[in-house]
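1. Structure, please.
(2 chains)
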Amino acid sequence: MTSPPSALSPQLSALSSQPSALSPQLSALSSQLSALSSQPSALSSQLSALSSQPSALSSQLSANMTVIRVEHLSKQYRLGLIGGGTLRADLERWWAMKRGGEDPLAKIGESEDKAKLGERFWALRDVSFEVKQGEVLGIIGRNGAGKSTLLKILSRVTSPTSGAVKMKGRVGSLLEVGTGFHGELTGRENTYLNGAILGMTRREVSRKLDEIIAFAEIEKFIDTPVKRYSSGMYVRLAFAVAAHLDPEILIVDEVLAVGDAAFQKKCLGKMGEVSREGRTVLFVSHNMASVRSLCGRVGLVHAGAWIGLMPVQEAIQRYVEFTRPTDDDPSNNGLATVSFTRNDRSDMSLIALRATASDGEPLRAMVPIAGEFRIEIDYVVNRANQNAYVTCGFVDGEGMYVWWRYDAETEIWGHRKRGVYRAQLRVPASFLRPGEYGLHPSIVDPMSSVLDNRGIAMTISVSHSNTLLERRGVTWPSVIMHEPGWETVELATE
Amino acid sequence: MPTPSLAQSPGPGADSSLPELGPDEGGWTTIIRAQRHLLDLNLGEVWRYRDLVFLFVWRDFVAAYKQYILGPAWHFIQPLTATILSTVVFSKIARLPTDDVPPVLFYMTGSLMWILFSNCLNGNASTFTGNAGLFGKVYFPRLVTPLANTISKLISFSIQLIVLMLFYLYFTLTGATVRPSAWLFTLPILAFIAMVMGVGTGIIISSLTTRYRDLTQLLGFLVALWMYSTPVVYPLSMVTGRLRSVMLWNPMTPVIETWRRGVLGVATCPPVQLWYSAAFAASVLFVGIILFKRVERDFMDTV
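-> The predicted structure follows:
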């Protein structure tokens, strides 16, 4: 315990010098509080235990069969070849090499850490795990951790460099909703087409057509070309087709990030239902809330390595830890800055995320934050999109979104032109309880789609070193903390 | 707090949570491995996806009709414009001979077969680049795409044949000199050779365009060059000497010539040359499929 500053009142110093007198009370308080806060989760775990009973039954029936087995899976990419070359470039290169010159297309002054042509890197390295039938397995990891590579291999979109994946039963993978939809065709026609692309026969689609239409809630418009659908209807139909695929193994990417809240809920419900029928679900997401509500176990991927399968709570905690900027990270000099690779194929794309002090000076990673600080999000507008919001969420160590803001209150919203922008969000840190927060920036068009989503990109550490409780190492029991609270007047002296 | 540096090691405590793989129980229905044999076409799987082939073909037609003002007439317009243009430019202006056959019939016969070939070529040349969005998001046997594409082209070829028959009927009734021969019955074989050659060349190009994007720009030029070195808008009979022997190396020459021999009774290319065309088509398709299988494995990594 540090010695209290001299300015402290005698009472306080008296208090702190008699820790034994206070600490039993304090610890009693905190244990009561933590008991309080843990009750809802106890309830929800009971509920989930209840709802998982059928699946437990069915998995007993199938004698706990392993349905997915991933053996030492690795995937290597060759940098520099991504994006494809041109015949002309290759000919020029060949001609220059022949004459003994240097590669005319190598950029001058390209920094060392940039990819050299042909340099290889492992997107996934020696991943092994098994999934049992009826399990809902979540897969989380930072952007570029390798989870989408894993997903692509499992859905056979690309092939592994070494290792093997073995699966039992029909596999349905949903990396996107509405793959292959054709705008000129009607909803009914697209249902058949999309169903066939996902691996259904025409007869299967016919059998389930009514169910699909009912699920999508588009009875009236089923014979209208989908180019005239609202984006909500489009997504609903697309998901409905996929949801009725009836595969034994369902592999789902973050398709649930679209659509309105009610429909999202319905989709999550459908996925839960699928798993209770004894089917296996692999769910890859940035959305910790849905991972938490759906998944039993979670596989964590980081930097191409498989960290392991673990309970949801542990996985989310470690995931948030991984996003903390480290002092030895050369790209940001220990500052709380993350840059993203710009995606010019999207209407809007994130460029960078930064946490700064209220005076605009960049924060150092892991520096305690007191009072107000700022989040800066740099983004590029490639095509004006009237509806898009730039958003930032604050995710605590349990995967809960404690705070989320979108930029509709700024004047620029609704009429952004092409260009590069910087959005600033002032954060009154005083209302966040001490702890680590993952920052999750994204650009969302609520009418249709997610334009850019990089998951939790950075972690900052908020601490209020002036609170007595924290000094004593007590975890703050509530999610929200707001400084101005109590005011006490003496009503009567007795 | 130790900072996790996972490039080297999975971090502390991770080893305990890394599940040991249990014994392999067997009974797998899908096995994904790094190496697949290049000639393993997996036709059984393509057969399971036959409904998708059908729906792709159906989509090509329905979507095209909904998109274009002229709708179904589109199939007739392509050979008709080619015929009219050739008649005006090559017969009326350039006064090229047509072996005493009515120019309209002469050009229509030749361009029909050429259109089948070039449609198969062009239609499949963008298999990978044109379907990148689809291929990147969902798995189905990739061969379904060229297969469906080719079937669409064959259907439109059949429709165009009907147009040719109508013109043929009109010209014979008005007393034009056309002498159909028994070679007419080789039509399925000729169409098959033209189709295989087109598809083979097309998928070779589609596989190469995943590496060389600018090849797409060259494609139109290459197809035009190929057409003018094939006796489509002129009879082979007017080519003599060394040029003629060079032209006989063009594998499309015997196909077009034999087709004209059958329909119109005019041709100078020895029918034996068809064996060469057939062999060429088969090799092109073989190379095409090998390239296709090679590219399909990891083309998504380069897009």
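
2. What is the least confident helix or strand in chain B?
-> Ranking every helix and strand in chain B by mean pLDDT, DSSP states H and E puts helix B:14-17 at the bottom, with a mean of 40.

3. Quick one: the helices in chain B, in order.
-> B:14-17, B:43-48, B:50-67, B:74-86, B:103-125, B:127-130, B:132-135, B:144-173, B:187-209, B:215-228, B:241-247, B:252-263, B:273-298 (DSSP state H).

4. what would the ones you listed look like in CSV with distance to residue A:374 and mean neighbour count?
-> All C-beta atoms are positioned from the backbone trio N, CA, C, and that covers glycine. Shown next, in CSV, are the helices of chain B (distance: least, Cβ to Cβ, whole Å; neighbours: other Cβ atoms under 10 Å in any protein chain shown):
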stretch, distance to residue A:374, mean neighbour count
helix B:14-17, 35, 14
helix B:43-48, 55, 12
helix B:50-67, 50, 18
helix B:74-86, 59, 17
helix B:103-125, 52, 24
helix B:127-130, 44, 21
helix B:132-135, 38, 16
helix B:144-173, 50, 17
helix B:187-209, 47, 23
helix B:215-228, 47, 14
helix B:241-247, 74, 11
helix B:252-263, 68, 25
helix B:273-298, 43, 18
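
5. Out of those, which is closest to residue A:208?
-> Of all the helices of chain B, the one in closest proximity to residue A:208, counting by Cβ to Cβ, is helix B:50-67 (14.1 Å).

6. average pLDDT across the closest one?
-> Per-residue pLDDT over helix B:50-67 has a mean of 87.

7. Show me how far that helix is from its chain's centre.
-> Taking Cα atoms, centre = their mean, to the nearest Å, one finds the center of helix B:50-67 at 17 Å from the center of the full chain.

8. Next: stretch B:281-295.
-> With Cα atoms, centre = their mean, you get 12 Å for stretch B:281-295.

9. anything in it near chain A?
-> No - counting by Cβ under 8 Å from any Cβ of the partner chain, chain A has no neighbours in stretch B:281-295; the shortest distance is 11.1 Å.

10. Report the separation between the residue most central in space within chain A and chain B.
-> Compute the mean C-alpha point of chain A, and by Cα atoms, centre = their mean the closest residue is residue A:286, 1.5 Å away. As judged by Cβ to the nearest Cβ, to the nearest Å, residue A:286 and chain B stand 18 Å apart.

11. What distance do you get for that residue to residue A:383?
-> The gap separating residue A:286 from residue A:383 is 24 Å, by Cβ to Cβ, to the nearest Å.

12. next one: residue B:210
-> Counting by Cβ to Cβ, the separation of residue B:210 from residue A:383 is 26 Å.

13. Looking at these two, which one has more neighbours?
-> Ranked by neighbour count (other Cβ atoms under 10 Å in any protein chain shown), residue B:210 and residue A:383 place residue B:210 first, with 22 against 12.

14. Phi first, then psi, for that one.
-> phi -70, psi -20 (degrees, to the nearest 10).

15. got a pLDDT number for the closest residue in space to residue B:143 that isn't next to it in sequence?
-> Take residue B:143 and drop its neighbours on the chain: the residue closest to it by Cβ to Cβ, 6 or more residues apart in numbering or on different chains is residue B:46, 5.4 Å away. Per-residue pLDDT puts residue B:46 at 89.

16. for residue B:202, same thing?
-> 95.

17. What residues does the stretch 151-300 of chain B have near chain A?
-> Residues of the stretch 151-300 of chain B lying near chain A (Cβ under 8 Å from any Cβ): B:210, B:211, B:212, B:213, B:214, B:215, B:218, B:297, B:298, B:300.

18. tell me the two of those that are most distant?
-> Farthest pair in these (Cβ to Cβ) is B:218 and B:297. Separation: 25.3 Å.

19. burial measure for residue B:70, as a count.
-> 11.

20. Name the residues of stretch A:345-357 that are buried.
-> A:346, A:347, A:348, A:349, A:350, A:351, A:352, A:353, A:354, A:355, A:356, A:357 (16 or more other Cβ atoms under 10 Å in any protein chain shown).

21. Same question for stretch B:85-99.
-> B:86, B:87, B:90, B:91, B:96, B:98, B:99.

22. Looks like the fifth one contacts residue B:90 (just checking).
-> Yes - the pair residue B:96 / residue B:90 is scored as a contact, 4.7 Å apart, by Cβ atoms under 8 Å.

23. Quick check: neighbours shared by these two?
-> Residues touching both residue B:96 and residue B:90 (Cβ atoms under 8 Å, 6 or more residues apart in numbering or on different chains) are B:233, B:234.

24. chain center to stretch A:157-166: distance?
-> 24 Å.

25. what does stretch B:92-103 give?
-> The answer for stretch B:92-103 is 29 Å, by Cα atoms, centre = their mean.

26. which residues touch that stretch?
-> Contacts for stretch B:92-103 (Cβ under 8 Å, 6+ apart): B:86-87, B:90-91, B:106-107, B:171, B:176-178, B:233-235, B:237-238, B:264, B:266.

27. measure that stretch end to end?
-> 9 Å (Cα to Cα, to the nearest Å).

28. Same question for stretch B:34-41.
-> In stretch B:34-41, first residue to last residue: 16 Å (Cα to Cα).

29. Tell me the buried residues in stretch A:427-440?
-> Neighbour-count burial for stretch A:427-440 flags A:427, A:429, A:432, A:433, A:434, A:435, A:436, A:437, A:438, A:439, A:440 (criterion: 16+ other Cβ under 10 Å).

30. before we move on, what about stretch B:29-47?
-> Buried, per 16+ other Cβ under 10 Å, within stretch B:29-47: B:32, B:34, B:46.

31. Just the element for the residue nearest to the first one when sequence neighbours are not counted, please.
-> Distances taken as Cβ to Cβ, 6+ apart place residue A:165 nearest to residue B:32, at 4.1 Å, with adjacent residues excluded. Taking DSSP states H and E as the definition, one finds residue A:165 inside strand A:162-167.

32. Touching that strand from outside, list them.
-> For strand A:162-167, contacts defined as Cβ under 8 Å, 6+ apart pick out A:67-74, A:126-128, A:153-154, A:249, B:24, B:28-34.

33. tell me the mean pLDDT over that strand?
-> On average, strand A:162-167 scores 90.

34. And residue A:37, what's its pLDDT?
-> As predicted, residue A:37 sits at a pLDDT of 37.

35. just to revisit the earlier point, quick one: contacts for the residue nearest to the residue nearest to the centre of chain A when sequence neighbours are not counted?
-> Computed as Cβ to Cβ, 6+ apart, the closest residue to residue A:286 that is not its neighbour in sequence is residue A:455, at 3.9 Å. Residues in contact with residue A:455 (Cβ under 8 Å, 6+ apart) are A:142, A:143, A:286, A:440.

36. rerun at 10 Å
-> A:140-145, A:147, A:254, A:285-288, A:319, A:323, A:395, A:438, A:440-442 (Cβ atoms under 10 Å, 6 or more residues apart in numbering or on different chains).
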